[in-house]
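predicted model follows, preceded by the sequence.
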Amino acid sequence: MPAWRWDRIVLGIHTSDSASGGWVDLWCNRRRQAFSNGTTRFTGRTWNTYNDPKWGVYDRDTPEHAATNRIDAPKVGTTYDDVVR
């Protein structure tokens with residue numbers, strides 16, 4: 001994605017500590033994305049011991065790797081339609 005362009009990212013997450021109980025779906029700019037294995041849903045464990053979601057830029061604390069993460073109007077919902085409006 002080019003710098004200074006706004007993109008809409010939607011994550012669908014069903015949390016589970018089971019090796020096959022959780023899943024993640026990903027959309028970018030209203031287009032469902034496929035993972036490297038060709039599927040559109042990652043299935044697996046989505047947390048280890050507790051559910052503590054975080055958002056941000058990680059490991060970018062040196063000047064040569066500086067990054068800025070801007071988030072505008074985050075939403076939480078139970079369906080895709082809840083968050084894309």
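Perfect, thanks for sending it.

name the element the residue nearest the centre of the chain belongs to?
By CA atoms, centre = their mean, the chain has its centre lying nearest to Leu11, at 4.4 Å. Take DSSP states H and E as the rule and Leu11 turns out to sit in strand 9-14.

just want the angle from the helix or strand following that strand to strand 9-14.
Where DSSP H and E defines the elements, the next helix or strand beyond strand 9-14 is strand 22-28. Orientation of strand 22-28 against strand 9-14 (axes from the mean of the first three to the mean of the last three CA atoms, to 10 degrees) gives an angle of 170 degrees.

so what's the gap between whichever helix or strand comes after strand 22-28 and the chain middle?
Going down the chain from strand 22-28, the next helix or strand is strand 31-32, by DSSP H and E. Distance of strand 31-32 from the chain centroid (CA atoms, centre = their mean, to the nearest Å) equals 13 Å.

stretch 21-35 too?
8 Å.
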